[in-house]
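J.: For reference, the sequence and a predicted model appear below.
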Amino acid sequence: MGEVVLAAKITHVPSMYLSELPGKHQGCREAAIAGHKLIGQRARDLSADTAVVFDVHWMVNSGYHINCGQQFEGIYTSNELPHFIKDMAYQYPGDPELGALIGGEANAAGIRTMAHNIPSLELEYGTLVPMRYMHMGVPDSQKLKVISIAAWCAWHRLEDSFAFGAAVRRAIEKSDRKVLVLASGSLSHRFSDDRVAEVNIHKWTREFDKQVDLLVVELWRQGRFKEFCAMLPDYAEHCYGEGKMHDTAMLLGLLGGAEYDKPVEIVTEPFGSSGTGQINAIFPV
């Protein structure tokens, strides 16, 4: 029987890659990178063999979509922020079998879902950034199989993403996999206007967003997810949640929705990045 061995809400800010490179921002995201490395190591310590990533940087307009190719390999440059991520090499095995199982379970629950094993369907940086740091220094023999699930669901209902997340959990438990599940996306996501983008690289755009993010994180620390789930639609709307925070809805659906009540472990404290709010946090399974 398969199981979710670890679940987390994580950042994927491209300034993490910029942090590696020589220049004035070198080292600026050491805490976020350390958080990814810790999450990856804990997952391996729990015998994880697969990572399922709810990637809020992958936008879809219709249906729920799973990228479960046999192999992912290439050199990635962001078309959104090529001055942050360019020529980033990657190579990870995929897991078509588990992807198909997730698709079947979601469809059985009435969530229109398609699982794709298409060599030309590439990964987005919401998956590539965390996989980079969670695999840094890890031999090929210990690489996790990767499944990426679109979580920028442009015309979808949050309640369907809760149901989708629950279906992911059921599919994993019907498999023989030990799975790390990641909700890859921000807290608030109001990017700074272009004229102040450079000076705001380590800040929130609005004090309102920062304070709401800190309140949300405090609710998480206390395990108060009944209140958080009730506020999630308004939070996503008024604080410009990345992709309307479908990644978070999927994660909570996988964990039990509003009935989930476990105190969250903050691995990387909330921080501002180009106007947005970011965090690494482990949600106990």
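T.: Structure received. Since we're looking at a predicted model, the values are computed, not measured.

J.: okay, CA-based contacts and neighbour counts for the rest of this
T.: Noted.

J.: Find me the pLDDT at E198, would you?
T.: pLDDT, E198: 92.

J.: center of the chain - which residue?
T.: Centroid-nearest residue in the chain: S184, 1.2 Å away (criterion: C-alpha atoms, centre = their mean).

J.: That one bridge partners, please.
T.: Under DSSP bridges, the beta-bridge partners of S184 are I10, D55.

J.: ok, now which ones touch it?
T.: K9, I10, T11, H12, V53, F54, D55, V56, G126, T127, D247 (C-alpha atoms under 8 Å, 6 or more residues apart in numbering).

J.: One more: A154?
T.: M59, V60, N61, S62, G243, K244.

J.: Quick one, grab the pLDDT at it.
T.: Per-residue confidence (pLDDT) for A154: 97.

J.: Can you pull the phi/psi pair for it?
T.: Torsion angles at A154 (phi, psi; degrees, to the nearest 10) stand at phi -70, psi -30.

J.: do the same with the one 10 residues further on
T.: With angles defined as degrees, to the nearest 10, F164 sits at phi -60, psi -50.

J.: can I get the CA coordinates of stretch 203-223 in CSV?
T.: This file holds the C-alpha atoms of stretch 203-223, laid out as CSV (Å, rounded to 0.1, in the frame of the first residue of the first chain):
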residue,chain,number,x,y,z
LYS,A,203,9.9,43.0,0.1
TRP,A,204,6.1,42.6,0.0
THR,A,205,4.4,45.1,-2.3
ARG,A,206,1.7,46.0,0.2
GLU,A,207,1.7,46.0,4.0
PHE,A,208,-1.9,44.6,3.8
ASP,A,209,-0.7,41.5,2.0
LYS,A,210,2.2,41.0,4.5
GLN,A,211,0.0,41.3,7.5
VAL,A,212,-2.6,38.9,6.1
ASP,A,213,0.2,36.4,5.2
LEU,A,214,1.5,36.6,8.8
LEU,A,215,-2.0,36.0,10.1
VAL,A,216,-2.4,33.0,7.8
VAL,A,217,0.9,31.5,8.9
GLU,A,218,-0.2,31.9,12.6
LEU,A,219,-3.4,30.0,11.8
TRP,A,220,-1.3,27.3,10.2
ARG,A,221,1.0,27.1,13.3
GLN,A,222,-2.0,26.6,15.4
GLY,A,223,-3.6,24.0,13.1
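
J.: what comes into contact with that stretch?
T.: With C-alpha under 8 Å, 6+ apart as the criterion, stretch 203-223 contacts 187-188, 190-192, 225, 227-228, 239, 260-266, 270-277.

J.: Off-centre distance for that stretch?
T.: 18 Å (C-alpha atoms, centre = their mean, to the nearest Å).

J.: And for stretch 120-132?
T.: On C-alpha atoms, centre = their mean, the centre of stretch 120-132 falls 10 Å from the chain's centre.

J.: Tell me which residues of it come out buried.
T.: By 16 or more other C-alpha atoms under 10 Å, the buried positions in stretch 120-132 come out as L123, E124, Y125, G126, T127, L128, V129, P130, M131, R132.

J.: go on, stretch 40-50?
T.: Those would be G40, Q41, R42, A43, R44, A48, D49, T50, for stretch 40-50 by 16+ other C-alpha under 10 Å.

J.: Of the contacts of S184, which is the nearest to K145?
T.: V53 (10.8 Å; C-alpha to C-alpha).

J.: That closest one belongs to a strand, doesn't it?
T.: Yes - assignment of V53 by DSSP: H, G, I helix; E, B strand; the rest coil places it within a strand.

J.: That one contacts V168, doesn't it?
T.: No - using C-alpha atoms under 8 Å, V53 is not in contact with V168, being 11.1 Å away.

J.: Which SSE is immediately downstream of the lowest-mean-pLDDT helix or strand in the chain?
T.: One helix or strand of the chain scores below all others by mean pLDDT, DSSP states H and E: helix 15-18, with a mean of 95. The first helix or strand that comes after helix 15-18 along the chain, using DSSP states H and E, is helix 30-45.

J.: now for that next one, which elements pack on it?
T.: strand 3-10, helix 15-18, helix 125-134, strand 265-273, strand 276-282 (3 or more C-alpha pairs under 8 Å, 6 or more residues apart in numbering; DSSP states H and E).

J.: For L252, which of these is the nearest?
T.: Distance to L252, taken as C-alpha to C-alpha, is lowest for strand 3-10 among the helices and strands packed on helix 30-45, at 9.7 Å.
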